[in-house]
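**Q** Predicted model, plus sequence, below.
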Amino acid sequence: MTPSGPVDHVVTSGTFSLDGGTWDVDNNVWIVGNADEVVVIDAAHDELAIERAVGGRRVVAVVCTHAHDDHVNRAPALADRVSAPILLNPAERQLWEMTHPNRAPDRELADGEVLTVGGIDLRVITTPGHSPGSTCLYAPELGTVFTGDTLFQGGPGATGRSFSSFEEIIDSIREKLLALPGDTLVRTGHGDSTKIGDEAPHLEEWIARGH
């Protein structure tokens, strides 16, 4: 794969397991930066495919939006191959340890901090709900937010499993994500992208449906 711009993308396939169930999933892995350096967002399922998509650029960090196993299962393997630190919100530690009990993340992600890579600023927005420390990354100059499993085309991420809260995810989306400009492109952890302005009108419908 030839790097094509400030945001590159690879889809990897595998499984997600929690609460005794296992499901087949396709994950979006996002690679953000320039021709020299990048961050990888959510190292899922296939570190070799991700490394090929990086294309020889320096990986500044492997950033985890949350610690469900389908988003972090290849994070240590990729981090070791490219000599990069793993970044994760500390509230995700219990979930992380379910997958990687003998390997800790290298650094904590804090709400409001800014990661800079290839001249691009990524602002960390903590959005609990799907999981306790779910995190989004907002790149104002790109008009893009990477939402992990917090917001999808058509609604919020799932909250029917352990360590999740429907009330919290709705508050996170309402207060933090829907406050972004309406034309902000939402690049999700699974499935197609959307825009903040396309999702905002449906907030009350989501609340009425509950979870």
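**A** It's in.
**Q** Residue 180 touches residue 138, doesn't it?
**A** Yes. Residue 180 lies in contact with residue 138 (Cβ atoms under 8 Å); the separation is 6.6 Å. Bear in mind the C-beta positions are built from the backbone N, C-alpha and C, glycine included.
**Q** need the helices for the protein, in chain order.
**A** 47-54, 69-72, 75-82, 93-99, 166-172, 196-199, 203-209 (DSSP state H).
**Q** Out of those, indicate the one that is most buried.
**A** helix 69-72 (a mean of 26; mean count of other Cβ atoms under 10 Å).
**Q** Please export the alpha-carbon coordinates of that helix; PDB is fine.
**A** C-alpha atoms of helix 69-72 as PDB (Å, rounded to 0.1, in the frame of the first residue of the first chain):
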ATOM      1  CA  ASP A  69      -9.600  -6.900  22.400                       C
ATOM      2  CA  ASP A  70     -10.500  -6.200  18.800                       C
ATOM      3  CA  HIS A  71      -8.900  -2.800  19.000                       C
ATOM      4  CA  VAL A  72      -5.700  -3.700  20.900                       C
END
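**Q** That one: how far from the chain's middle?
**A** 10 Å (Cα atoms, centre = their mean, to the nearest Å).
**Q** ok, the nearest residue to residue 18 once chain neighbours are set aside to residue 54 distance?
**A** Of all residues not flanking residue 18 in the chain, residue 161 sits nearest, at 5.2 Å (Cβ to Cβ, 6 or more residues apart in numbering). Using Cβ to Cβ, to the nearest Å, residue 161 is found at 31 Å from residue 54.
**Q** The helix or strand of the chain with the lowest mean pLDDT packs against which elements?
**A** Between all helices and strands in the chain, the lowest mean by mean pLDDT, DSSP states H and E belongs to helix 203-209, at a mean of 86. Helix 203-209 is packed against helix 166-172, with contacts defined by 3 or more Cβ pairs under 8 Å, 6 or more residues apart in numbering; DSSP states H and E.
**Q** how about a cut-off of 10 Å?
**A** strand 155-156, helix 166-172 (3 or more Cβ pairs under 10 Å, 6 or more residues apart in numbering; DSSP states H and E).
**Q** would you list every one of the strands in this structure?
**A** Applying DSSP state E to the chain gives strands spanning 7-18, 21-33, 37-41, 58-63, 86-88, 107-108, 114-117, 120-126, 135-139, 144-148, 151-152, 155-156, 185-188, 194-195.
**Q** looking at the helices and strands packed on helix 203-209, which is closest to residue 145?
**A** helix 166-172 (12.2 Å; Cβ to Cβ).
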